[in-house]
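Undergrad: Next input, structure requested:
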Amino acid sequence: MNGTIKKLVGDRGFGFITGENGTDYFFHRDQLQGGLDFDRLKPGDHVTFETQQGPKGPRAVDVQSA
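TA: Residues are numbered from 1 along each chain as shown. Here you go, the predicted model:
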């Protein structure tokens, strides 16, 4: 799925991606792939990702630069 970085919480290592379907997905820095650096991400960056259901709702996994 394609999406855009919505929000980053740098000191805690997570953020949210808004998918092309309008849904917000939680992601953790451990799910970044392809050389993406969490500390260099900024809101508005385009990414691709897979989704899975987490304990608190939908989450993005295998997040890569678009």
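
Undergrad: can you pull out the strands in the chain?
TA: Counting by DSSP state E, the chain has strands at residues 2-9, 14-19, 24-28, 46-54, 57-65.

Undergrad: To Leu36, which of these lies closest?
TA: The closest of those to Leu36 is strand 57-65. By CB to CB, the value is 5.8 Å. Backbone N, C-alpha and C define where each C-beta goes, glycine included.

Undergrad: on that earlier part again, need the strands of the chain in CSV with mean pLDDT, mean neighbour count and distance to Arg40, can you?
TA: Output for the strands of the chain, formatted as CSV (pLDDT from 0 to 100; neighbours: other CB atoms under 10 Å; distance: least, CB to CB, whole Å):
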stretch, mean pLDDT, mean neighbour count, distance to Arg40
strand 2-9, 98, 15, 10
strand 14-19, 98, 19, 13
strand 24-28, 97, 19, 15
strand 46-54, 96, 15, 12
strand 57-65, 96, 17, 10
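
Undergrad: Tabulate these (TSV), appending distance to Asp39.
TA: Converted to TSV, those look like this (distance: least, CB to CB, whole Å):
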stretch	distance to Asp39
strand 2-9	9
strand 14-19	12
strand 24-28	14
strand 46-54	15
strand 57-65	14
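
Undergrad: need the contact list for the closest residue to Val63 other than its chain neighbours.
TA: Distances taken as CB to CB, 6 or more residues apart in numbering put Phe49 closest to Val63, at 4.5 Å, once the chain neighbours are dropped. Going by CB atoms under 8 Å, 6 or more residues apart in numbering, Phe49 touches Met1, Gly3, Ile17, Gly19, Tyr25, Phe27, Gln31, Ala60, Val61, Asp62, Val63, Gln64.

Undergrad: can you check Thr48 too?
TA: Applying CB under 8 Å, 6+ apart, the residues contacting Thr48 are Met1, Asn2, Gly3, Val63, Gln64, Ser65, Ala66.

Undergrad: Also Lys6?
TA: Gly15, Phe16, Ile17, Thr18, Asp24, Pro43.

Undergrad: Put together a markdown table for those residues, with distance to Gly35 on each row.
TA: As requested, those are arranged in a markdown table below (distance: CB to CB, whole Å):
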| residue | distance to Gly35 |
| --- | --- |
| Gly15 | 17 |
| Phe16 | 21 |
| Ile17 | 18 |
| Thr18 | 22 |
| Asp24 | 24 |
| Pro43 | 20 |
